[in-house]
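Trainee: Would you be able to build a 3D model of this:
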Amino acid sequence: MLNHHSGKTLSFCITEPCASTSAGSGTIYNFIVAIRLIAIDIDGTLLDPNFQVSSANLETLARAHTQGVEIALVTGRRHAFALPVANALHFDVTLISSNGAVTRSSTGELFHQDLLPAPVARRLLQHMADFRSNTVLTFDRPAKGALVVESAEELNQTIQRWMEKNSEWIEYVRPLEDAVTESPIQAMFCGNLARMTEAQERLASFPLADEITTLRTQYDARNLCIVDILNQGCSKGHALARWATHHEYARDEVMAIGDNFNDVEMLEFAGLPVIMGNACPELKQNGWLETLGNDASGVAWAVEQILSRGD
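Mentor: Next comes the predicted model:
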């Protein structure tokens, strides 16, 4: 069984939003919440624009951990690609990866896995045949073949850094259906905003739409959109709720920090939802507490509101 903290909780009261939130909703948080679990997105949230964890974020999360608060990283990344970020914290964390499809400890112990059924995956690939050059399949495999694509040319136009970082795990299979010898963790479509708008329009007519979950991650400044297809009812929010229930954390005892559309279910579940300052304006209209951007250690600012009131 995965371990969790049983130390003291941290109570706090935020009576006014961050000074940087003048363009936000202006929501006032004036109630007391005892936080036992902090769920944090990675890209665009914990990581800065250079894909590093700032010293402020490292120091603040270490303090929270020392004071008995459990830290969970909840990410669209697959487990192996998220693990170096988890290891940078220098203490064990829970890793909810692939947008909620897999929950493991940072030491590798499996708690839950929610795979996309192979027959559904094959039908999906057939339905999305015009987007094969944008498609990545993710499998629970320890070596090459954990990621499967047909070709790299179009993917390199939008996610070249990701392709390079994951090169040792990528296998090339044509047609992609031949790679589905077992149920994948997910299918992922990547491309520029216009291309992924077309992909989402095509997905809307998928005959098995009620058997999948579609999640979007979008970076307008990078002209990049990622559309993840997971099993029905699979999301960061569902996985976080499952973990919290297992450890008897009430929703009011959960804080979540995110920046993108694939974080919405997680933020909706948490008793204290925090949206990053670098999130798009649409996501800042939900009444969530707004912190600083990821270029200014927004995670540290948000968590510091707890620590400064829990000492």
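
Trainee: Can you name the residues in contact with stretch 190-210?
Mentor: Taking C-beta atoms under 8 Å, 6 or more residues apart in numbering as the criterion, the residues outside stretch 190-210 that touch it are 120, 123-124, 127-128, 130-131, 134, 136, 154-155, 157-159, 189, 212, 214, 216, 218, 220, 223-227, 229, 232. Using the backbone N, CA and C atoms, a C-beta is placed for each residue, glycine as well.

Trainee: Surely residue 276 is in contact with residue 294?
Mentor: Yes: with contacts counted by C-beta atoms under 8 Å, residue 276 reaches residue 294, the gap being 5.9 Å.

Trainee: residues shared between the contacts of these two?
Mentor: Common neighbours of residue 276 and residue 294 (criterion: C-beta under 8 Å, 6+ apart): 44, 45, 259.

Trainee: Any quick PyMOL command for the buried ones out of the residues you listed?
Mentor: What follows is the PyMOL syntax for the buried subset of the shared contacts of residue 276 and residue 294, where burial is set by 16 or more other C-beta atoms under 10 Å:
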select buried, resi 44+45+259
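
Trainee: Need the shared contacts of residue 276 and residue 294 in JSON lines (columns: distance to residue 103).
Mentor: Supplementary listing: the shared contacts of residue 276 and residue 294 in JSON lines, determined by distance: C-beta to C-beta, whole Å:
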{"residue": "44", "distance to residue 103": "21"}
{"residue": "45", "distance to residue 103": "18"}
{"residue": "259", "distance to residue 103": "21"}
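
Trainee: Adding pLDDT and secondary structure, write the shared contacts of residue 276 and residue 294 out as CSV.
Mentor: What follows is the shared contacts of residue 276 and residue 294, written out as CSV (pLDDT from 0 to 100; DSSP: H, G, I helix; E, B strand; the rest coil):
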residue, pLDDT, secondary structure
44, 97, helix
45, 98, helix
259, 98, coil
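
Trainee: about what we covered before: make a PyMOL selection of whichever of the contacts of stretch 190-210 turn out to be buried.
Mentor: With 16+ other C-beta under 10 Å as the criterion, this PyMOL line picks the buried residues out of the contacts of stretch 190-210:
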select buried, resi 120+123+124+127+128+131+134+136+154+155+157+158+159+189+212+218+224+225+226+227+229
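
Trainee: among the contacts of stretch 190-210, which are in strands?
Mentor: Filtering the contacts of stretch 190-210 for membership in strands, criterion DSSP state E, returns 136, 189, 212, 214, 216, 218, 224, 225, 226, 227, 229.

Trainee: Quick one: those residues as TSV, columns for pLDDT too.
Mentor: Putting the ones in strands among the contacts of stretch 190-210 into TSV (pLDDT from 0 to 100) gives the following:
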residue	pLDDT
136	98
189	98
212	98
214	97
216	96
218	95
224	96
225	97
226	97
227	98
229	98
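
Trainee: now for these, which pair is the farthest apart?
Mentor: By the measure C-beta to C-beta, 212 and 224 form the most distant pair in the ones in strands among the contacts of stretch 190-210, at 21.8 Å.

Trainee: quick one on the thing from earlier: so residue 276 and residue 294 - more neighbours on which side?
Mentor: Regarding residue 276 and residue 294, a neighbour count based on other C-beta atoms under 10 Å identifies residue 276 as having more, with 27 against 24.

Trainee: Isn't residue 121 up against residue 182?
Mentor: No: under the criterion of C-beta under 8 Å, residue 121 makes no contact with residue 182, lying 9.6 Å away.

Trainee: Counting neighbours, go ahead and name the busier of these two.
Mentor: residue 121 (25 against 11).

Trainee: where does the more buried one sit relative to residue 256, distance-wise?
Mentor: In this view, residue 121 and residue 256 are 29 Å apart by C-beta to C-beta, to the nearest Å.

Trainee: go on, residue 97?
Mentor: For residue 97, the distance to residue 256 under the criterion C-beta to C-beta works out to 16 Å.

Trainee: With neighbour numbers in mind, choose between these two.
Mentor: Each of residue 97 and residue 256 has its neighbours counted (other C-beta under 10 Å); residue 256 has more, 29 against 26.

Trainee: Please produce CSV containing the ones in strands among the contacts of stretch 190-210, extended by distance to residue 243.
Mentor: Output for the ones in strands among the contacts of stretch 190-210, formatted as CSV (distance: C-beta to C-beta, whole Å):
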residue, distance to residue 243
136, 26
189, 27
212, 22
214, 22
216, 23
218, 26
224, 29
225, 28
226, 23
227, 25
229, 22
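
Trainee: OK, contacts around residue 295?
Mentor: Here residue 295 is in contact with 48, 49, 278 (criterion: C-beta under 8 Å, 6+ apart).
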